[in-house]
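K.L.:
Need coordinates for the following:
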Amino acid sequence: LQLVESGGGLVQPGGSLRLSCAASGFTLDNYSIGWFRQAPGKERKGVSCISSSDGNTYYADSVKGRFTISRDNAKNTVYLQMNSLKPEDTGVYYCAADKLWIATIRPEDYDYWGQGTQVTVSS
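P.N.:
Residues are numbered from 1 along each chain as shown. Presented below is the predicted three-dimensional model:
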């Protein structure tokens, strides 16, 4: 089971990025997916998640209204659209998968992780 994130980069405050989480070795729609970020020197925190059971989504308060999680089962990929980016959104973004009926943004609930992609929001 492998997850590969892409789409990170350097963006100015107020800009947008779309992160992708591509799965190989398993069918992503059978898994709940979470997006997490880790700033330098800080613990990994949940950003958003999408459940395998009903497609329901959840967002941390810090990104609500700015980020959107979605999945394309045909491409076996989950996306995180990030708009109105702020410097505090900077960090390494990871996607994670697990067979959860209801997705969570608790890192300890996920067994399968990607390698991460760096997002830097700076002028």
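K.L.:
Spit out the contact partners of the spatially most central residue of the chain.
P.N.:
Geometric centre of the chain, nearest residue: residue 35, 2.5 Å, by CA atoms, centre = their mean. For residue 35, the contacting residues are 19, 21, 46-49, 69, 78, 80, 93-96, by CB atoms under 8 Å, 6 or more residues apart in numbering. Using the backbone N, CA and C atoms, a C-beta is placed for each residue, glycine as well.
K.L.:
Beta-bridge partners for residue 95, please?
P.N.:
residue 35 (DSSP bridges).
K.L.:
Would you mind confirming that it is in contact with residue 31?
P.N.:
No. Look at residue 95 against residue 31 with CB atoms under 8 Å: they stay out of range, at 10.5 Å.
K.L.:
ok, these two, which is more surrounded?
P.N.:
residue 95 (32 against 25; other CB atoms under 10 Å).
K.L.:
Tell me how far that one lies from residue 12.
P.N.:
Residue 95 sits 24 Å away from residue 12, taking CB to CB, to the nearest Å as the criterion.
K.L.:
ditto for residue 38
P.N.:
From residue 38 to residue 12 the distance is 22 Å (CB to CB).
K.L.:
which of the two has more neighbours?
P.N.:
residue 38 (15 against 10).
K.L.:
Now that one. Nearest residue, chain neighbours left out?
P.N.:
residue 44 (4.3 Å; CB to CB, 6 or more residues apart in numbering).
K.L.:
Let me know the pLDDT of that neighbour.
P.N.:
With respect to pLDDT, residue 44 has a value of 96.
K.L.:
From the chain's centroid, how far away is stretch 92-109?
P.N.:
A distance of 9 Å separates the centroid of the chain from that of stretch 92-109, by CA atoms, centre = their mean, to the nearest Å.
K.L.:
distance between the ends of that stretch?
P.N.:
Counting by CA to CA, to the nearest Å, you get 19 Å between the two ends of stretch 92-109.
K.L.:
List the buried residues in it.
P.N.:
Using 16 or more other CB atoms under 10 Å as the burial criterion, the residues of stretch 92-109 that qualify are 92-98, 100, 103-105, 107, 109.
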